[in-house]
Structure formats: structure tokens, C-alpha cells
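Undergrad: Test case, fold it:
(chains A and B)
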Amino acid sequence: MNNSAISERLMSLYGGCGYTRYRVNKFEEYELYSRNREFLPSKQILTFTDTDGRLMALKPDVTLSIVRNSRDGEDARLFYSESVFRTDRGRGVFAEVPQIGLEYIGRADPYRVSEVLTLAGMSLDLISEENVLDVSHPGILSLTAARLGLDFAGRSALTGYFGSKSAGGALSLCGDRESEELVKALLGMSSDPDKALPLLGSLSDGAEWDAVVYELRRAVTAVPDRDLRIDLSVVNDADYYNGVVFRGYVKGSPSAVLSGGQYDNLMKKNGKNNSAAGFAVYLDRIDAADEGDAPALDLLILYDDMTDPAAVCRRLREAASAGLRVSAERELPDGQEYSAICDMRKKHG
Amino acid sequence: MDDFINIALPKGRLGETAASLLEKAGFGCPQALQNSRKLIFENPERGVRCFWVKPSDVAIYVERGAADLGVCGSDILAEQKPDVYELLDLGIGRCRMAVAAKNGFRDRPDRVLRVATKFVAIASDHFRRKGRQTDIIKLNGSIELAPILGLSDVIVDIVETGTTLRENDLSVIETITEISARLICNKASEKFKADRIRTLKDALHGITER
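TA: A predicted model of the protein is given here:
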């Protein structure tokens, strides 16, 4: 299945569940992104000066536009399929990246958050049968940082170490044995919710921690017929995310193809009173999972220098007009599957 | 490639030590340590495939999923910040990242400090944390020459025994961080090959635990 087929199926899924399509301009005022830079997956922003002197940016993200345009008190279920412009890791150059996503803005009650999580799981199922949805809660990391007595720089370092599952790094931030035991328990934790949730509960030091574990448990148990994993390396920024956060992987793709969570804090930072939850599917990262053979042809036409070009064109046109998938080639392409072949080569008789 | 655990090893002494560790843990590719120009080695019985790559490329192979696991210096991880899991400190390839200068160097805090290094991100992060304004000069080798020829005030580089520094009339003025080799893992592989990767990691942990 190619990217456009995946995109169509995802949009059909979201539309069928009561979400309406949201369309955005390709650019927005730069100030929106500079103010929320840490929310963006890629920090570089492609800018230009408009004719009226305003500094504009080609959209590196769609969620921020939806947040900016949301109204207090509204209850909106939206999805989008847009190009965003950002640099990707490694390449270091700007690229137009296809992205599809879903946002719920309104009163993110437990049902709505579970609905978003359920749709994230269903999105992964549409991309690949073999997939994993990891769930976490930024509160665990924030409260752990507080228990370790870390300042801003320490908290940032702890986030990095949890994100890379670096036990050695995280332990280097611990000042006493109790902190070390806490970090070891968290980083050594099983991803099985039946084991992880009781462990997290046993590590509690008060009501705040209990509330975070309760919220995580509620989210995990509310998604039916799906094995979610609890993975504390999902470390979306707590300045923006306040509830469950999640990340999805499909077999064959080396990095996460889906990322999201509940982001009431982003709404607050932008002067909005609503709560919100959503996710994005990174279609560009699915390419690697879709490196199979070229799609099967209904008809393969073979020609050579002696073949009449008009005859090939005529045959191609007839087949295409009949709705067949057809291609004319000089020789049989490696790995190409086809239902029928029309050999118009003269040299080979 | 899917049935195997693919492991990227850094060419050179560190990689050879890592290959020996894998061997001791029961996940080695015996022929990998034989002197040949071959780059890929398999141990079908244990489902392991090892390949030699340039040390600075290990993290890229793992991040992009061409390798499930890799052995990589923590200096390279700090410099490249790849999106991978760091599963284990292997305790090999120990050295340190340090700031060094000509013997007798006196820092002038009122001036921009000129820093020559291969490790631009590590050097920039270090001096930014200290609030020091720097002019970072990216070099690709023979870093020790820079302060001798007046190209820089200090260098940021890996120091193992300190012999090269001593022989060039340089000395360490500050250690930035200790370095050792780490077992790194592709994030998706950690999900889809979880059991086999955990078994391999535990076996390595058993022989590296001090």
C-alpha cells in the first residue's frame, strides 16, 4: 500500500468517526511558531517576508494553526492531510513532508482521550498489521525530576536519558540511594501494563503521583481489544502535554510513524481554555515500511527499437482506457509482477 | 535481514573488543575477528549478523534501522544525538573528552575563546553551559596542531593516555565528560525484536557488570 492509499484510508476512518476535514493555508505568521518552538518536531522554520513586511513561515506543523483558530467552548473533531515544511534528521535541508493528523478540541473527558487513543491504534492497524503503540504520561517524568531535586537543566537531561533509556545517564543525576532505586525501577520496568501499572503504583510518594498513575491506567484500560505498551521513553514535552502521550511504530519503519497525546498545556499557553488531544501520522516515515515490489501490472508491453512507437501507444491507450494498470518497457523489469504480457519486440521475433 | 539481529560494529580496536565481548556472551560471529576484507559475518545458529562500519557511522546505521544494534562511543552519541536507545554501558573504550591547551596557557575571560575541535556540538554545549563566548573552529584531524600554530586558544578532543598531548607541549585543563562504548538499539527493533534483543543485552550485561 502506498502513501496516498494509506492517506485515503486514514481520512476515510476519521471521517467515518465524526471528524471533519480541516484545511489550512501553506503559511502562517512566524510568531506563532517562534512562540511554541519547543512543540515542533523540527526546530528550523522556513521563513519569508510578505509584501506588507510581516515575517511569515511555511507551516512546519498543523496543530498550532488549529489551536490558534479554535474558539473557547467549542467542541471540534477535526482531521487534516497537509504538507508541512521542515528539516529532517540527518538530511539537514528543508523538505515538503506529507502529514495527516487528527485533533479533538473541546472537553477532553476520559472517553474523548480514549477515542483519540483508539483511533491512533486503528490508524496503525491500517498502515501495518504488525505495529506497537507505546503510551506514557509526562507527569511521571516531571514528578521523578522533582523527587530527584533537579533544576531545569537537570530535568532536561533526565528527559533525554529517559528518551534514550540510558540508565547510566539517569543514574548520574541521582544524589542518593533512594533516587537511584526509583530511577532503576522506572527504567527497568516491564512494558506490560499488567506489570508496569502495579509497579508505578508501588512507587508512589503522594496524591500527585497516584493521580498520574490513575490517568495512565484509565487510558490503557479504556482502549478495547488492543495491547498497549507502557514505555517511559515517550517523553513529549510536559510544557505542552499534560495527559497521556503515545507513539506508534510499524514493522519495517525504523522510527515512530505516529505521535500524539493530550495537550491542554499547549492550549493554555496560547490563551485557550479548551482541552485537546490528537496525533499526527508521519507519512514520509512510512516509505521505508513500503519498500515492496512495484505494484502488479494488469498488462506489461515490451518493445524495442524496431517496434512501431504508434503501435505501442495505441496498445497502451487501449489498456489504460479499459482501466487496466499498464506499462511499456524495453525489457522485463526485475521483480515486476504482471497478469498479462504483450511482447511487441521485433528483434526477438 | 529480518530473521537476524543485525549488529553494526566500529572498525578498529574498539570494534574488535566489542566483537570479543559478543563472542564471550555467546552471540559472536567467529570469523569477524579474522583478518580479512570481508565486511559482513553471520552466526546463523544464534541468529546474529555483524558488520564493520566506520565508527562515526554506527549510530546512523542503527537510527535508520539498517542495524538493530550497534556499538558506539558515548562521544559520538553526544555529538550526533541520534534517535536511538542506549541499552548498556559496555565499559570498554574508556577515555575522556577534555579541554586542552598549551602548557602555560592563561585564559582571558574578556576575550572570545577560540576552540578547535572535531566535536562541534559537544564543545558548543559545554561552553554555552558555562556562559562563555567562543569561536568554534571545526577541524577533521591533527587537532593538537591548532594551539601550537596559533589557530586556536584551546582544543576539545578525546584524551586516552595523554601521551600525544604531552609530546606536543599541551595539557588537559578541564575534563568535559568521561567516555565509554555503549550498546545502542534502533527504536523500532526494540519493539519488534524485543525478546532476542533483551536476551543479548542481558548476556552482555552479565559479562560487563563490574
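Undergrad: Run through the residues that contact the closest residue to A:Ala276 other than its chain neighbours.
TA: With sequence-adjacent residues excluded and distances taken as C-beta to C-beta, 6 or more residues apart in numbering or on different chains, A:Ala276 is closest to A:Ile105, at 4.6 Å. For every residue, glycine as well, the C-beta is placed using N, CA and C. Going by C-beta atoms under 8 Å, 6 or more residues apart in numbering or on different chains, A:Ile105 touches A:Ile66, A:Val67, A:Ser70, A:Glu74, A:Asp75, A:Ala76, A:Leu78, A:Met267, A:Asn274, A:Ser275, A:Ala276.
Undergrad: Ok, A:Ser191 next?
TA: A:Asp134, A:Arg229, A:Ile230, A:Asp231.
Undergrad: Spatially, which two of the residues you listed are the most separated?
TA: Greatest spatial distance among the contacts of A:Ser191 (C-beta to C-beta): A:Asp134 and A:Ile230, at 7.4 Å.
Undergrad: what about these two, which has more around it?
TA: A count of neighbours by other C-beta atoms under 10 Å in any protein chain shown puts A:Ile230 above the other of A:Asp134 and A:Ile230, at 24 against 21.
Undergrad: So which elements touch the lengthiest helix in chain A?
TA: Assignment by DSSP state H gives helix A:110-127 as the longest helix of chain A. Packing contacts for helix A:110-127, counted by 3 or more C-beta pairs under 8 Å, 6 or more residues apart in numbering or on different chains; DSSP states H and E, involve helix A:3-16, strand A:94-106, strand A:131-136, helix A:207-222, strand A:245-250, strand A:258-262, strand A:275-282.
Undergrad: how far does the next helix or strand after the longest one sit from the chain's center?
TA: Translated: helix A:207-222. Using DSSP states H and E, the helix or strand that follows helix A:207-222 towards the C-terminus is strand A:228-230. Taking C-alpha atoms, centre = their mean, to the nearest Å, one finds strand A:228-230 lying 16 Å from the centre of the chain it belongs to.
Undergrad: List the contacts of strand A:228-230.
TA: Strand A:228-230 is contacted from outside by A:117, A:121, A:132-136, A:189, A:191-193, A:196-197, A:200, A:216, A:220, A:246, B:191, using C-beta under 8 Å, 6+ apart.
Undergrad: Give the ChimeraX command for selecting the buried subset of those residues.
TA: To isolate the buried members of the contacts of strand A:228-230 in ChimeraX, using 16 or more other C-beta atoms under 10 Å in any protein chain shown:
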select /A:117,121,132,133,134,135,136,189,191,193,196,197,200,216,220,246 /B:191
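Undergrad: okay, now the nearest residue to A:Ser259 once chain neighbours are set aside: neighbour count?
TA: Distances taken as C-beta to C-beta, 6+ apart place A:Arg247 nearest to A:Ser259, at 5.1 Å, with adjacent residues excluded. A:Arg247: 26 surrounding residues under other C-beta under 10 Å.
Undergrad: next one: the one 4 residues further on
TA: Here the count is done by other C-beta under 10 Å, and A:Lys251 has 17 residues near it.
Undergrad: List the residues that contact it.
TA: By C-beta under 8 Å, 6+ apart, A:Lys251 lies in contact with A:Ser128, A:Glu130, A:Asn131, A:Ala289, B:Ala188, B:Phe192.
Undergrad: do the host helix or strand of B:Trp52 and chain A meet at all?
TA: B:Trp52 belongs to strand B:48-53 when assigned by DSSP H and E. No. Shown here: strand B:48-53 not in contact with chain A (C-beta under 8 Å from any C-beta of the partner chain), separated by at least 15.3 Å.
Undergrad: Please compute how far that strand lies from its chain's middle.
TA: Distance, stretch centre to chain centre, for strand B:48-53: 17 Å (C-alpha atoms, centre = their mean).
Undergrad: buried stuff in the helix or strand following it?
TA: The helix or strand immediately downstream of strand B:48-53 is helix B:58-63, counting by DSSP H and E. For helix B:58-63, the neighbour count (16+ other C-beta under 10 Å) marks B:Val58, B:Ala59, B:Ile60, B:Tyr61, B:Val62, B:Glu63 as buried.
Undergrad: So which elements touch the helix or strand just after helix B:58-63?
TA: Where DSSP H and E defines the elements, the next helix or strand beyond helix B:58-63 is strand B:69-73. Where contact means 3+ C-beta pairs under 8 Å, 6+ apart, strand B:69-73 is packed against strand B:5-10, helix B:13-24, helix B:58-63, strand B:181-185.
Undergrad: quick one: strands adjacent to the top strand by length along chain B?
TA: Assignment by DSSP state E gives strand B:170-179 as the longest strand of chain B. In the sheet, strand B:170-179 lines up against strand B:95-102 (antiparallel) (DSSP bridges).
Undergrad: Report the contact partners of residue 77.
TA: All of this is about chain A. Contact partners of A:Arg77, counting by C-beta under 8 Å, 6+ apart, are A:Cys17, A:Gly18, A:Tyr19, A:Thr20, A:Leu102, A:Glu103, A:Tyr104, A:Gly106.
Undergrad: hm, I was asking about chain B
TA: Per C-beta under 8 Å, 6+ apart, neighbours of B:Leu77: B:Ala59, B:Val84, B:Glu86, B:Arg182, B:Ile184.
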